[in-house]
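Q: coords please:
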Amino acid sequence: QLQASGGGLVQAGGSLRLSCAASGFRLDYYATGWFRQAPGKERESVACISSSGANTFFAASVQGRFTISRDNAKRTVSLQMNSLKPEDTAVYYCAASKYTSVVSGVQYWGKGTQVTVSS
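A: Reported below is the predicted structural model:
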């Protein structure tokens, strides 16, 4: 299972840190990432980090504002979100993939955590 936490309400320009913790499997064997889904929109990939942590990917819309990191000893992956904008408002989901990237397929999904950015 994956458990996401850290969502909440923040003003535009603020920061939030999301965390994703794994239980029952070795998260360090999986590429791990975050998706988000805003009301009325399709789910989109936001960021991904390889199993080793050596490679990262960010959607253009969050590049330079979000960072992703992992602590394989603790089996956690974190998404640091800075300079948040109202358009970042969405439910955020963590995901783990046996492939090199979560966009290639997801084996584990976490329950979503709501992020709301007020203007």
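
Q: give me the most central residue, the chain.
A: Nearest to the geometric centre of the chain sits W34, at 2.6 Å (Cα atoms, centre = their mean).

Q: name the SS class of it, please.
A: Recorded secondary structure, W34: strand (DSSP: H, G, I helix; E, B strand; the rest coil).

Q: going by neighbour count, which residues of stretch 39-56 are buried?
A: Buried residues in stretch 39-56, counted by 16 or more other Cβ atoms under 10 Å: 45-51. (Each C-beta comes from the backbone N, C-alpha and C, glycine too.)

Q: need the residues that contact that stretch.
A: For stretch 39-56, the external contacting residues (Cβ atoms under 8 Å, 6 or more residues apart in numbering) are 28-37, 57-59, 62, 66-70, 72, 77, 79, 90, 92-93, 100-103.

Q: quick check on the residues you listed: which are buried?
A: Those of those that meet the buried threshold are 28, 30-36, 57-58, 62, 66-68, 70, 77, 79, 90, 92-93, 102-103, by 16+ other Cβ under 10 Å.

Q: list the contacts of stretch 112-119.
A: 4-12, 14, 16, 18, 36-37, 81, 84-93.

Q: if you set the cut-off to 7 Å instead, what comes out?
A: For stretch 112-119, contacts defined as Cβ atoms under 7 Å, 6 or more residues apart in numbering pick out 4-7, 9-12, 16, 18, 84-86, 88-93.

Q: in ChimeraX, how would I select the buried members of the residues you listed?
A: ChimeraX command restricting the contacts of stretch 112-119 to the buried ones, with burial defined by 16+ other Cβ under 10 Å:
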select :4,6,7,10,16,18,84,88,89,90,91,92,93
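
Q: and the pLDDT at the closest residue to C94 other than its chain neighbours?
A: Spatial nearest neighbour of C94, excluding adjacent residues (Cβ to Cβ, 6 or more residues apart in numbering): C20 at 3.4 Å. In this prediction, C20 carries a pLDDT score of 96.

Q: what's the answer for A38, then?
A: 96.

Q: again, but for the one 3 residues further on
A: At K41, the pLDDT value in this model is 96.

Q: isn't there a helix covering it?
A: No: counting by three-state DSSP, K41 falls outside a helix, being coil.
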